[in-house]
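Novice: coords please:
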Amino acid sequence: MGILSAAGGAEPGPVRVGSPSAAGTDAWHLGVRVTARAGLPTGEPVPLLVGLELVRHVGVTLARECLGVPLDHHLSMRRIGFRWTGRPPALPEGGTLGATAFARVHSRRVRRGTTTAFDASVTVRAGSREIAHGSGSVQCIDPLTYPLVRGSAPPAGSAPVRHDESPVSVLQQDGDRLLGRIGWESDDPWQVDPTLDRLSGHTLVATALRAADLLRPGRPAVGVSMGIDRFVEYTPRPEVYATAATDAVEVSVLQNRAVVARGEVRLGH
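Specialist: Below you'll find the model as predicted:
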């Protein structure tokens with residue numbers, strides 16, 4: 001998917017995850033901080049994309065510090081989801097939101113003593129109040145296998161340069177349906193991760209959220225999930241097809257006329 005990379009991210013962002021402490025079999029507690037930055041001001045609700053970034057950081061921490069996945073193994077998120085369980089919290093005036101993440105690994109595959117994949121869930125609490133829930137499925141690919149998996153993929157950091165104002169360029173929109181092309185801002189490392197050789201998962205999710213906003217304006221997104229069937233390449237430029245129902249928008253990402261990823265955005269009122 002591209003939400004995880006070998007380096008765990010391109011550069012520091014708004015989310016920090018502390019060292020894990022055991023909380024039972026295959027379960028850990030982790031301290032979490034979300035800090036204000038450009039585009040994430042105090043007093044405003046924390047965006048869903050930041051919540052997904054929290055899930056990403058927890059996934060990296062579980063892999064490296066709890067499951068012993070070597071640093072040279074590539075981490076690829078094949079499924080990720082995040083939802084607020086109530087009203088999204090706002091960043092306090094001090095600029096930092098503190099919380100605790102309870103993470104549990106539900107299943108994992110091991111080959112020759114090394115974890116090759118795992119499924120996990122995350123519950124986030126601020127004080128005693130549950131505020132969010134996340135989940136994900138991570139594939140851990142060793143450095144010898146990765147070139148075989150990627151075949152003729154371009155080298156990391158070779159994304160075509162684009163400066164799109166929106167992650168969706170609408171081709172057709174009619175009622176509850178939308179067809180568009182995916183775009184990105186090359187100068188934003190969260191959209192174009194320089195450690196990746198494929199489209200960032202951040203951009204895929206941002207595309208789903210933008211499609212939902214276009215189809216159901218005024219309906220806030222309270223949850224989002226994305227599952228990846230295949231790696232999404234930079235070229236040919238992928239398309240997005242979205243359909244809206246009463247409380248959700250279903251999204252398919254297409255490349256070479258095949259569905260490579262599927263997502264869902266849950267809507268509030």
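Novice: so where's the stretch 1-150 of the chain uncertain?
Specialist: 1-12 (pLDDT under 70).
Novice: what about the helices in it?
Specialist: Using DSSP state H, counting those that start in this stretch, the helices found in the stretch 1-150 of the chain span residues 48-61, 146-150.
Novice: just name the most buried of those helices.
Specialist: helix 48-61 (a mean of 24; mean count of other C-beta atoms under 10 Å). The C-beta positions use only the backbone N, C-alpha and C, and glycine is treated the same way.
Novice: elements contacting it?
Specialist: Packing contacts for helix 48-61, counted by 3 or more C-beta pairs under 8 Å, 6 or more residues apart in numbering; DSSP states H and E, involve strand 15-17, strand 27-35, strand 74-84, strand 96-111, strand 114-126, strand 129-141, helix 201-215, strand 221-228.
Novice: report the distance from the second one to the chain centre.
Specialist: When you say that, I think you mean strand 27-35. With C-alpha atoms, centre = their mean, to the nearest Å as the basis, strand 27-35 stands 17 Å off its chain's centre.
Novice: contacts for it?
Specialist: For strand 27-35, contacts defined as C-beta atoms under 8 Å, 6 or more residues apart in numbering pick out 14-23, 40, 46, 50, 54, 58, 61-62, 66, 91, 95-105, 124.
Novice: from Phe118, how far off is Arg112?
Specialist: Using C-beta to C-beta, to the nearest Å, we find Arg112 at a distance of 16 Å from Phe118.
Novice: more neighbours, the two?
Specialist: Neighbour count, other C-beta atoms under 10 Å: between Arg112 and Phe118, Phe118 has more, with 23 against 6.
Novice: of the helices and strands packed on helix 48-61, which is nearest Gln172?
Specialist: Closest approach to Gln172 among those is made by helix 201-215 (11.6 Å; C-beta to C-beta).
Novice: what angle separates the closest one from helix 48-61?
Specialist: Relative orientation of helix 201-215 with respect to helix 48-61: 160 degrees, computed using axes from the mean of the first three to the mean of the last three C-alpha atoms, to 10 degrees.
Novice: what angle sits between helix 201-215 and strand 74-84?
Specialist: 30 degrees.
Novice: which neighbouring elements make contact with helix 201-215?
Specialist: Checking 3+ C-beta pairs under 8 Å, 6+ apart, helix 201-215 ends up next to helix 48-61, strand 74-84, strand 168-174, strand 177-182, strand 221-228, strand 239-244, strand 248-255, strand 258-267.
Novice: again, 6 Å this time
Specialist: Applying 3 or more C-beta pairs under 6 Å, 6 or more residues apart in numbering; DSSP states H and E, one finds that helix 201-215 contacts strand 168-174, strand 177-182, strand 221-228, strand 239-244, strand 248-255, strand 258-267.
Novice: over the fifth one, what's the mean pLDDT, rounded is fine.
Specialist: Going back to what we said before, that points to strand 248-255. Here strand 248-255 scores 98 as its mean pLDDT.
Novice: give the buried residues for that strand.
Specialist: In terms of neighbour count (16 or more other C-beta atoms under 10 Å), strand 248-255 has its buried residues at 248-255.
Novice: from those, which is closest to Leu171?
Specialist: Distance to Leu171 across those (C-beta to C-beta) is lowest for Leu254, with 11.7 Å.
Novice: quick one, what contacts the residue nearest to Val32 when sequence neighbours are not counted?
Specialist: Spatial nearest neighbour of Val32, excluding adjacent residues (C-beta to C-beta, 6 or more residues apart in numbering): Ala99 at 4.5 Å. The neighbours of Ala99, taking C-beta atoms under 6 Å, 6 or more residues apart in numbering as the test, are 32, 124, 126.
Novice: thanks a lot, see you next time.
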